[in-house]
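K.L.:
Whatever this is, show me its structure:
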Amino acid sequence: MSPEEALERLDKALKENQNLKVVGIAGPGESLANDSTFKTLKLIDEKYPDLLKCLSTNGLLLKEKANELADLGVKTVTVTVNALDEKIAEKIYSWINFDKQILKGQDAARKLIDKQWEGILEAKRAGMLVKLNSVLIPEINLNEIEKIALKGKDYGADLMNLIPLIPLNMFKDLRPPTCEEISLAREKAGKHLPQFKLCKQCRADAVGIPGQESDHHKERRFDSEYFHG
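P.N.:
Numbering: from 1, shown residues only. Here you go, the predicted structure:
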C-alpha cells in the first residue's frame, strides 16, 4: 500500500465511523525501516492534524527516528519487547539488519535489546507515550515478562500489553499460553506497569472501537517476519 492509498483507506474509515480518534501504522515489516511510514504520517498530519497518531515498532531504529516521529505528530509508540536476556531473545529473533549489517544469534539479540531501551528513553524525551508489547511465549519468555515490566517502569514506559503467541511458522511447534499463564503474567507485570487488556489479535488494518465488533477485526497472523529486525 502506498502512502496515498493509505490516506484513501483512512478517508474511507473516517466516513464510515466518525468516532475514530486514532490512526496507527503497524507495518509492513518494521515500520521505522520503511520510508513510506514517514510519508504516510506526513500526509495524515497535513489532512487530519487532530487525529492521534501512533506507531508500532521493534525499537531497533527508534532512538534515531524519535524526534522525526514527534515532528510528524506521533503521540504514542508501541515497542515490542519480548526479552531482556540475550540468550532468550536469540530464540525469538532470527536476525536483525542494523546500519546495513546483518547480525544473528546473541550479537543480534544484544544489539536489538540495547537499541530498544535507548529508543524508549528517546521517545519519552520527545514527549511520546510509550506502550510495551510483549508476545507471551510460555516455553521461552514466560519468566521475562515481569522483568520487562519492571525495566519499563524504570525507563518511563506508560503501559504494557501482553499478546498470546499464535503458533505459526518458526513457532508452529510451540504452545500458546493458557488463560492462567496470561492472567498470572499480567498480575506480576501489573505491579510495575498498568496492563492493557482490550487488545484483540487483529489484523494490522483493523478498524473499529475496542469492545465493538468490526468486519476488520480478524486474527493477526504472527509470521516469522514479525520477529525479524
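
K.L.:
the strands in the protein, which residues?
P.N.:
For the chain, the strands identified by DSSP state E occupy 22-25, 52-57, 74-80, 95-98, 101-104, 129-136, 159-164, in order along the chain.

K.L.:
For Tyr48, give me its contacts.
P.N.:
Contacts for Tyr48 (Cβ atoms under 8 Å, 6 or more residues apart in numbering) come out as 10, 14, 23. For the C-beta atoms, the positions are set from N, CA and C on the backbone; glycine is no exception.

K.L.:
and the first one, how many neighbours does it have?
P.N.:
The one in question is Leu10. For Leu10, the count of nearby residues is 19 (other Cβ atoms under 10 Å).

K.L.:
isn't it right next to Lys53, touching?
P.N.:
No - with contact defined as Cβ atoms under 8 Å, Leu10 does not reach Lys53; the gap is 10.6 Å.

K.L.:
overlap in contacts of the two?
P.N.:
23, 44.

K.L.:
where does the chain dip in pLDDT?
P.N.:
Per-residue confidence for the chain (pLDDT under 70) gives these ranges: 198-206, 208-229.

K.L.:
Can you find which helix in it contains the most residues?
P.N.:
The longest helix of the chain (DSSP state H) is helix 105-125.

K.L.:
Please point out which parts of that one sit buried.
P.N.:
108-113, 115-124 (16 or more other Cβ atoms under 10 Å).

K.L.:
swap in stretch 96-103?
P.N.:
Of the residues in stretch 96-103, 96, 98, 103 count as buried by neighbour count, 16+ other Cβ under 10 Å.

K.L.:
Same list, these, but as CSV with distance to Pro167 please.
P.N.:
What follows is the buried residues of stretch 96-103, written out as CSV (distance: Cβ to Cβ, whole Å):
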residue, distance to Pro167
Ile96, 23
Phe98, 28
Leu103, 26
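
K.L.:
Can you tell me the number of residues neighbouring the nearest residue to Thr40 once chain neighbours are set aside?
P.N.:
Leaving aside its chain neighbours, Thr40 sits nearest to Pro3 (4.1 Å; criterion: Cβ to Cβ, 6 or more residues apart in numbering). As a burial measure, Pro3 scores 17 neighbours (other Cβ under 10 Å).

K.L.:
Surely Pro3 and Ser36 touch.
P.N.:
Yes - counting by Cβ under 8 Å, Pro3 does reach Ser36; the two are 5.4 Å apart.

K.L.:
Just the C-alpha atoms of stretch 148-162, please, in PDB.
P.N.:
The C-alpha coordinates for stretch 148-162 follow below in PDB (Å, rounded to 0.1, in the frame of the first residue of the first chain):
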ATOM      1  CA  ILE A 148      10.400  -6.300  31.200                       C
ATOM      2  CA  ALA A 149       7.600  -4.500  33.100                       C
ATOM      3  CA  LEU A 150      10.000  -3.500  35.900                       C
ATOM      4  CA  LYS A 151      12.600  -2.200  33.500                       C
ATOM      5  CA  GLY A 152       9.800  -0.500  31.500                       C
ATOM      6  CA  LYS A 153       8.800   1.400  34.600                       C
ATOM      7  CA  ASP A 154      12.300   2.500  35.300                       C
ATOM      8  CA  TYR A 155      12.600   3.800  31.700                       C
ATOM      9  CA  GLY A 156       9.300   5.700  31.800                       C
ATOM     10  CA  ALA A 157       7.000   3.400  29.900                       C
ATOM     11  CA  ASP A 158       3.400   4.100  30.400                       C
ATOM     12  CA  LEU A 159       1.500   0.900  29.600                       C
ATOM     13  CA  MET A 160       2.100  -2.800  28.800                       C
ATOM     14  CA  ASN A 161       0.100  -5.200  26.600                       C
ATOM     15  CA  LEU A 162       0.600  -8.900  26.700                       C
END
